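# for reference, the sequence and a predicted model appear below.
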Amino acid sequence: MLRRIALISVARHIGIPLQDLREAFADVPPARPPSRQWQSASRGRKLRLEERRRTVERLEAELTGCIGCGCRSMRACALLSPGDALGEDGAGPRRL
């Protein structure tokens, strides 16, 4: 039980939600240490953090491009018209 309390304390410190721990430890009898389940829960949390880091890095790159742009070119702005395949042909309407 002391090990579970220690793991819960560590989980709170690194931001793992209690609900995630509850699900990870649900099938572990109280008399057994949840070491394998802890590894699984912490590994899953690490994957989610890595995804958040990639998202923040992408947003940072977009913001950096936006700061330098000054909105002088609608064609060059990937934020205003993401995936604009017709914009490659120039500004203005392309389909009637």
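Thanks, I have the structure now. Numbers count the residues shown, from 1 in each chain.

# contacts, neighbours, all on C-alpha from now
Will do.

# point out where the protein drops to low pLDDT.
65-96 (pLDDT under 70).

# what segments of it are helices?
Assigned by DSSP state H, the chain shows helices spanning 2-14, 18-25, 35-69.

# redo the ones you listed as a markdown table? Include mean neighbour count.
Shown next, in a markdown table, are these (neighbours: other C-alpha atoms under 10 Å):
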| stretch | mean neighbour count |
| --- | --- |
| helix 2-14 | 13 |
| helix 18-25 | 14 |
| helix 35-69 | 13 |
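
# list the contacts for the residue nearest to residue 7 when sequence neighbours are not counted?
Spatial nearest neighbour of residue 7, chain neighbours left out: residue 38 (7.7 Å); criterion: C-alpha to C-alpha, 6 or more residues apart in numbering. When contacts are counted by C-alpha atoms under 8 Å, 6 or more residues apart in numbering, residue 38 is found next to 7, 21, 24, 25.

# distance of residue 57 from residue 48?
Computed as C-alpha to C-alpha, to the nearest Å, the residue 57 to residue 48 distance reads 14 Å.

# what's the neighbour count on residue 34?
The number of residues packed near residue 34 is 20, by other C-alpha atoms under 10 Å.

# does it really touch residue 23, like I thought?
No: the criterion here is C-alpha atoms under 8 Å, and residue 34 misses it with residue 23 at 11.6 Å.

# now the common contact residues for the two.
The contact sets of residue 34 and residue 23 do not overlap (C-alpha under 8 Å, 6+ apart).

# from residue 50, how far out is residue 57?
Distance from residue 57 to residue 50, by C-alpha to C-alpha: 11 Å.

# now residue 22
For residue 22 relative to residue 50 (C-alpha to C-alpha), the value is 22 Å.

# just residue 38 next, same as before
Separation of residue 38 from residue 50 (C-alpha to C-alpha): 18 Å.

# what of residue 7?
21 Å.

# again with residue 62
Distance from residue 62 to residue 50, counting by C-alpha to C-alpha: 18 Å.

# and for residue 1?
Taking C-alpha to C-alpha, one finds residue 1 at 31 Å from residue 50.
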